[in-house]
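J.: no FASTA, just this:
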C-alpha cells in the first residue's frame, strides 16, 4: 500500500518566515509533485520532480522552490512566506513508467496559514 | 495546451436520484482521464480511470472523444457519495491537470 506522508498537518507561520514542507513516499516512485488546493481553483501544480535533483516548474512556481536530494523525499520551500500563500498543500507521487495504470498517490495535506 | 473543465462547483441531489458530474477536456494527444474523490477529512484518492472501464462504488465514466468529455455518473446517489470530485488528465509527460472540482451533496 502506497504511503505518502507530509511532515505537518497544520502549520502557522508569520509573513517573511522561511517555510519548509516535507513529503516522503515509500513506493520508490520516480515522480513527485507539489500542489496547492484552494476553493474554487482546484489543484494547481507548483513544482514537480521526475528524478533526484531534477525539478520542473508547474503552473504557479512563483514564491516557491523545491529540493529533491533523495528519491523518497521532496521538499517545498517558501523563501519568504506571504499571506497569499495561505493554502492547503498537497504532495503526490507516481511511477515514471508509461503504464496507463499509474495514478497519483496523495499525502494528507498540510494546511498552511501565514499571518 | 491542456485544460480540464468542471462547470459545476456545487451539485446537490436527493438520495436515490441519478447524479452526473460533468468534465470536459482539451488535449491534442490521446488523453488519459481520471476521477479523483476527496471525502471529508480524508486525502485525495483515485476513484476511477477511463482505461479500466470499471465501475467503482456504482460510479462509471465514459470517455467521449468526439465531445471531449469524461462525465461521472451514478444511477442512484447515496449519502456517502457526498464529497469533492476532481476530474484529471494525464499527458504523455506524466503531468496531471486537474479541474476545479465539484462539491457533491446528497440530500437524505
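T.: Sure, I can see it. This structure is a prediction, so every number in the text was calculated from the model and none was measured. Numbers count the residues shown, from 1 in each chain, chains lettered A, B, ... in the order given.

J.: the nearest residue to residue A:53 once chain neighbours are set aside: what's it in contact with?
T.: Of all residues not flanking residue A:53 in the chain, residue A:68 sits nearest, at 6.1 Å (C-beta to C-beta, 6 or more residues apart in numbering or on different chains). Any C-beta I mention is one placed from the backbone N, CA and C, and that applies to glycine too. Residue A:68 is in contact with A:32, A:49, A:51, A:52, A:53, A:54, A:55, A:74, A:75, counting by C-beta atoms under 8 Å, 6 or more residues apart in numbering or on different chains.

J.: most surrounded residue in these?
T.: Looking at the contacts of residue A:68 with neighbours defined as other C-beta atoms under 10 Å in any protein chain shown, the largest count falls to residue A:74 at 29 neighbours.

J.: distance of the most centrally placed residue in chain A from residue A:53?
T.: Of all residues in chain A, the one closest to the mean position by C-alpha atoms, centre = their mean is residue A:34, 2.5 Å from it. As judged by C-beta to C-beta, to the nearest Å, residue A:34 and residue A:53 stand 16 Å apart.

J.: for chain B, what are the nearby residues on chain A?
T.: A:31, A:33, A:35, A:40-45, A:48, A:50, A:58, A:90, A:92, A:94, A:96, A:98, A:100-104, A:106-109 (C-beta under 8 Å from any C-beta of the partner chain).

J.: ok, residue A:94 - how many residues close by?
T.: The burial metric for residue A:94, expressed as a neighbour count using other C-beta under 10 Å, is 23.

J.: who's it bridged to?
T.: Here residue A:94 sits in beta bridges with residue A:31, as judged by DSSP bridges.

J.: quick one on the thing from earlier: narrow the residues of chain A next to chain B to those in strands?
T.: Residues from the residues of chain A next to chain B lying in strands, with DSSP state E as the criterion: A:31, A:33, A:35, A:42, A:43, A:44, A:45, A:48, A:90, A:92, A:94, A:106.

J.: which two of those have the greatest separation?
T.: Farthest apart among these by C-beta to C-beta are A:31 and A:42. That separation is 19.6 Å.

J.: residue A:44 versus the residue nearest to the centre of chain A, what's the distance?
T.: 10 Å.

J.: may I ask which helix or strand encompasses the nearest residue to residue A:65 once chain neighbours are set aside?
T.: Across the structure, with C-beta to C-beta, 6+ apart as the measure, the residue nearest residue A:65 apart from its sequence neighbours is residue A:77 (4.7 Å). Counting by DSSP states H and E, the secondary-structure element that holds residue A:77 is strand A:73-78.

J.: from chain A, how far out is the nearest residue to residue B:61 once chain neighbours are set aside?
T.: Spatial nearest neighbour of residue B:61, excluding adjacent residues (C-beta to C-beta, 6+ apart): residue B:72 at 4.8 Å. For residue B:72, the distance to chain A under the criterion C-beta to the nearest C-beta, to the nearest Å works out to 15 Å.

J.: let me have the ones in strands among the residues of chain A next to chain B in JSON lines, extended by pLDDT and distance to residue A:23.
T.: Putting these into JSON lines (pLDDT from 0 to 100; distance: C-beta to C-beta, whole Å) gives the following:
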{"residue": "A:31", "pLDDT": "91", "distance to residue A:23": "12"}
{"residue": "A:33", "pLDDT": "95", "distance to residue A:23": "9"}
{"residue": "A:35", "pLDDT": "97", "distance to residue A:23": "11"}
{"residue": "A:42", "pLDDT": "90", "distance to residue A:23": "19"}
{"residue": "A:43", "pLDDT": "93", "distance to residue A:23": "15"}
{"residue": "A:44", "pLDDT": "93", "distance to residue A:23": "16"}
{"residue": "A:45", "pLDDT": "93", "distance to residue A:23": "14"}
{"residue": "A:48", "pLDDT": "93", "distance to residue A:23": "12"}
{"residue": "A:90", "pLDDT": "97", "distance to residue A:23": "9"}
{"residue": "A:92", "pLDDT": "95", "distance to residue A:23": "8"}
{"residue": "A:94", "pLDDT": "88", "distance to residue A:23": "13"}
{"residue": "A:106", "pLDDT": "95", "distance to residue A:23": "10"}
